[in-house]
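Q: Test case, fold it:
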Amino acid sequence: MVYVFVCLLLGAVLGIPVGLVKPALFGGGRLRALGTCLVLALVGFVGVGVTAPPKEAPAADGQSVAAPVAPAPVKVVAPPPPLPEAQARLIGIVADYAQAYRAAPNDMAKGATRPARAAAICAALKTEVREWRGTVDDLKSTNEGWGVLEVRVAPNLSLKTWNNEMSDLGDKSLIRPGSPLHLAAMQLRKHQPVIVSGTLYRSDADCFREISFTVNGAMTDPDFLFRFSSVRPAD
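A: Numbering: from 1, shown residues only. Have a look, this model is predicted:
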């Protein structure tokens, strides 16, 4: 519709000089021709203003205002399940005494933290482990095919078997080839979340047998010897 009024407006403007030269075309004198053109021009101008589509409102900085965008849906991540109480207690004791070991002013004071930690562990935990959560840190075999497994149950705390038959004499922590436990462990991969059960070994020095090569490792990143009875992927 706006184009009709535009044409009418242009025709009226062009008709003004024509009416002045040949007023007879408008059925009268020059004044009548001029009046007719002005009326038509006014009608065309008003019509264009009424029928033209509205302009987009500019923003404060001169840019056009975009249509509002719907926010993306928020993905809700479920929190991890709580750790078993015994596992949380051991993690807390190890962390506390690792801090005390690092803060000790001399080697004598550092050495005193180890029996203190052992006493705290023995007072708080038993050797049986049931349904502890962790991630697979090492997964391999000895030369004879026995399974070697290490599960990290905290950033600075692991449960592990020996990695060779000589060290394992008498402890029997290595996983027997072909056993149900061995078959289950073979399905795992490194860094996979798992749930484990089994038994810790008693020790006078650390309450639970610790097999790090150095005292610093034993106090700040302990590896406790462990006999696994079950291991499965975490849900």
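
Q: how does this protein divide into domains?
A: Using automatic domain parsing, the domains assigned to the chain come out as 2-51, 85-233.

Q: highest average neighbour count across those domains?
A: Mean neighbour count, computed with mean count of other Cβ atoms under 10 Å, is highest for domain 85-233 among the domains of the chain, reaching a mean of 16. Every C-beta, even on glycine, is put in place using the N, C-alpha and C of the backbone.

Q: quick one: average pLDDT of it?
A: Domain 85-233 shows a mean pLDDT of 98.

Q: Am I right that residue 101 is in a strand?
A: No - looking at residue 101 with DSSP: H, G, I helix; E, B strand; the rest coil, it is helix, so not inside a strand.

Q: distance of residue 73 from residue 79?
A: Using Cβ to Cβ, to the nearest Å, residue 73 is found at 19 Å from residue 79.

Q: Relative to residue 69, which of the domains of the chain is closest?
A: Comparison of the domains of the chain against residue 69 by Cβ to Cβ identifies domain 2-51 as nearest, at 31.3 Å.

Q: quick one: average pLDDT of that closest one?
A: Domain 2-51 carries an average pLDDT of 57.

Q: so what's the backbone phi/psi at the residue with the shortest distance to the centre of the chain?
A: For the chain, residue 77 is the residue whose C-alpha lies nearest the centre (Cα atoms, centre = their mean; 8.6 Å). Taking degrees, to the nearest 10, you get phi -100, psi 120 for the backbone angles of residue 77.

Q: sec struct for residue 224, please.
A: strand.

Q: My read is that it contacts residue 208, right?
A: Yes - using Cβ atoms under 8 Å as the test, residue 224 is close enough to residue 208 to be in contact (4.9 Å).

Q: Which stretches in the chain count as helices?
A: Along the chain, the stretches classed as helices by DSSP state H are 2-21, 30-51, 85-103, 107-124, 180-185, 215-220.

Q: same for the fifth one, what does it pack against?
A: I take that to be helix 180-185. In this structure, helix 180-185 packs against strand 147-154, strand 223-233, with contacts taken as 3 or more Cβ pairs under 8 Å, 6 or more residues apart in numbering; DSSP states H and E.

Q: Next, format those as JSON lines and append distance to residue 202.
A: Shown next, in JSON lines, are the helices and strands packed on helix 180-185 (distance: least, Cβ to Cβ, whole Å):
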{"stretch": "strand 147-154", "distance to residue 202": "19"}
{"stretch": "strand 223-233", "distance to residue 202": "10"}
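
Q: Which among the ones you listed is found nearest to residue 200?
A: Evaluated with Cβ to Cβ, the helices and strands packed on helix 180-185 place strand 223-233 nearest to residue 200, the distance being 5.8 Å.
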